[in-house]
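Colleague: for reference, the sequence and a predicted model appear below.
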Amino acid sequence: MLSDRMSTALNDQLNAELYSAYLYLSMAAYFASINLPGFANWMRVQRLEELTHAMKFYDYLVESGARVELKQIDAPPTEWSSPLEVAEAVLAHERKVTGLIHKLVDIAIEERDHATNAFLQWYVNEQVEEEASADSVVQSLKRIGDSPGGIFMLDREMGQRVFNPMVSGIHGGVG
């Protein structure tokens, strides 16, 4: 059984993951509005991953006998000045999420909640991938600069990304 502190913290993270999905959907809409469908696709896939992460928290709370508490989700930003600004915002957001996950692990350790600690290890590893993926986009955009041809090529590459629920852990935490 989860402690009240752990349950509250996991519910907070569930809601943070839902915000992440909302943020990434807003970024997808921004890219669609500036005619970068590949970037929009990449963000839509990212949104699906975040929804999957949220549902893993939801399911864990339910399976642990805790109550799920859905809260109001803040409106995300809707405007950015460039694809690079969006990519940097994604990287900063993923770093923030990494910090939130690490705090959850700290609470699980303090509470000697071994099951929750084990559950959270998937997220610890996932955040390494999330940050690396976002940083890769940032670095690519920095190399490209203002080159329309480079943006076009990267947009085409970003359009190839597909959602893979097995990689995203939708099936019992398989990562």
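Modeller: Structure received.
Colleague: any regions of this structure where pLDDT drops low?
Modeller: 166-175 (pLDDT under 70).
Colleague: can you pull out the strands in it?
Modeller: In the chain, no strands are defined using DSSP state E.
Colleague: so who does the most centrally placed residue in the chain touch?
Modeller: What sits nearest the mean C-alpha location of the chain, by C-alpha atoms, centre = their mean, is Glu50, with 4.4 Å. Taking C-beta atoms under 8 Å, 6 or more residues apart in numbering, we find Glu50 in contact with 17-18, 20-21, 24. Where you see a C-beta, it was placed from the backbone N, CA and C, and this is true even at glycine.
Colleague: is it possible to get a markdown table of those residues that adds distance to Leu154?
Modeller: Output for the contacts of Glu50, formatted as a markdown table (distance: C-beta to C-beta, whole Å):
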| residue | distance to Leu154 |
| --- | --- |
| Glu17 | 27 |
| Leu18 | 28 |
| Ser20 | 22 |
| Ala21 | 23 |
| Tyr24 | 18 |
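Colleague: from Met153, how far off is the residue lying closest to Asp113 once chain neighbours are set aside?
Modeller: In space, not counting the residues next to it along the chain, Asp113 is nearest to Met6; the distance is 5.7 Å by C-beta to C-beta, 6 or more residues apart in numbering. As judged by C-beta to C-beta, to the nearest Å, Met6 and Met153 stand 46 Å apart.
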